[in-house]
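J.: pasting the sequence and the predicted model now:
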Amino acid sequence: MPGRSTSSSGSTGFISFSGVESALSSLKNFQSCISSGMDTAYSVALGLVETQTEVSSEYSMDKAMVEFAMMDRELNHYLKAVQSTINHVKEERPEKIPDLKLLVEKKFLALQNKNSDADFQTNEKFTQFKQQLKELKKQ
């Protein structure tokens, strides 16, 4: 059974991940909020360019898109760290319940340390936003 561990004394202990998995589900729902925020910033920025509003407003929308992309990346890293930790513990079935918080923090920091500005090139909404702005400015 996943999450089950057996100690050397023969007693059986269970690690229930239902609370963690429920929290993960809520966090995954938050991704749609980030996506909606990006859609809104995208629409506003395109509207500003189309109406030829001053560049500083467009720059603010660009910064907002970067912040949304950063939140999205960080949330994805956190979700990966938690899921990876849960999967590892389920597979290993340790005798002693490990410090899950510490394991997740280590995994999350390892993912965060790999961050670069190039990561935004993989964010579909961010790249679409930048491309659309370029095209509108050419017109």
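T.: Arrived safely.
J.: torsion angles phi and psi at residue 32?
T.: With angles defined as degrees, to the nearest 10, residue 32 sits at phi -70, psi -30.
J.: what's it in contact with, if anything?
T.: With contact taken as Cβ atoms under 8 Å, 6 or more residues apart in numbering, residue 32 is in contact with no other residue. For glycine as for every other residue, the C-beta is placed from the backbone atoms N, C-alpha and C.
J.: and for residue 43?
T.: Residues near residue 43 by Cβ under 8 Å, 6+ apart: none.
J.: next, it: secondary structure please.
T.: Secondary structure state of residue 43, per DSSP: H, G, I helix; E, B strand; the rest coil, is helix.
J.: what separates it from residue 138, distance-wise?
T.: 20 Å (Cβ to Cβ, to the nearest Å).
J.: cool, and residue 129?
T.: From residue 129 to residue 138 the distance is 15 Å (Cβ to Cβ).
J.: which of these two has more neighbours?
T.: When residue 129 and residue 138 are compared for neighbours, residue 129 comes out ahead with 26 against 6, by other Cβ atoms under 10 Å.
J.: helix or strand: which one has the residue lying closest to residue 45 once chain neighbours are set aside?
T.: Of all residues beyond its chain neighbours, the one nearest residue 45 is residue 61 (3.4 Å), with distances taken as Cβ to Cβ, 6 or more residues apart in numbering. Assigned by DSSP states H and E, residue 61 belongs to helix 55-92.
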